[in-house]
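quick one, what's the 3D model for this:
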Amino acid sequence: MRNFVMLVHVEIKPAEVNRFMPLLLENAKASRETEPGCRQFDIVVNNEDPTKVVFYEVYDDEAAFQAHQQMPHFKKYVETALQYLSSRVRTSYTRVAP
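Now for the predicted structure:
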């Protein structure tokens, strides 16, 4: 199966890291635990600059990702967390291996 992957690069406003991260972690945990189409939701933080964060999300397919965007925890994240970012770049991929 070829999964749908969303790779998100964000830069957090320096003074807002402590506000943003709990909201992101809550969204990722809820996605992994409650969405049957979410296979993986990893969060990595740059070792030298904690304002630079990347999410690696894997879904069964694009429909599962679209469903993710309709979930209450995702909507809460968008409504509350995006204000703490100075940039956000989302790029979709197709997972071909493993």
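
could you use CA atoms for every contact and neighbour count after this?
Fine.

list the buried ones in the top helix by length along the chain?
For the chain, the helix with the greatest residue count under DSSP state H is helix 17-34. By neighbour count with 16 or more other C-alpha atoms under 10 Å, helix 17-34 contains the buried residues 17, 20-21, 23-24, 27-28, 30-32.

which elements pack onto it?
Packed against helix 17-34 by the contact rule (3 or more C-alpha pairs under 8 Å, 6 or more residues apart in numbering; DSSP states H and E) you find strand 38-45, helix 72-81.

where does this protein dip in pLDDT?
For the chain, the stretches flagged by pLDDT under 70 are 1.

now the spatially most central residue of it: closest residue in space, sequence neighbours ignored.
Closest residue to the average C-alpha location of the chain: Phe55 at 4.7 Å, with C-alpha atoms, centre = their mean. Of all residues not flanking Phe55 in the chain, Ile43 sits nearest, at 4.6 Å (C-alpha to C-alpha, 6 or more residues apart in numbering).

and the one you found, how many neighbours?
Ile43 has 15 neighbouring residues, counting by other C-alpha atoms under 10 Å.

I'd say Asn27 and His73 touch.
Yes: with contact defined as C-alpha atoms under 8 Å, Asn27 counts as touching His73 (5.7 Å).

what separation is there between the nearest residue to Glu26 once chain neighbours are set aside and Ala63?
Counting by C-alpha to C-alpha, 6+ apart, Glu26 lies nearest to His73, which is 7.9 Å off, once chain neighbours are set aside. According to C-alpha to C-alpha, to the nearest Å, His73 stands 17 Å off from Ala63.

okay, those two: which has more neighbours?
Comparing His73 with Ala63 by other C-alpha under 10 Å, the one with more neighbours is His73, at 20 against 12.

fine, thanks again, bye for now.
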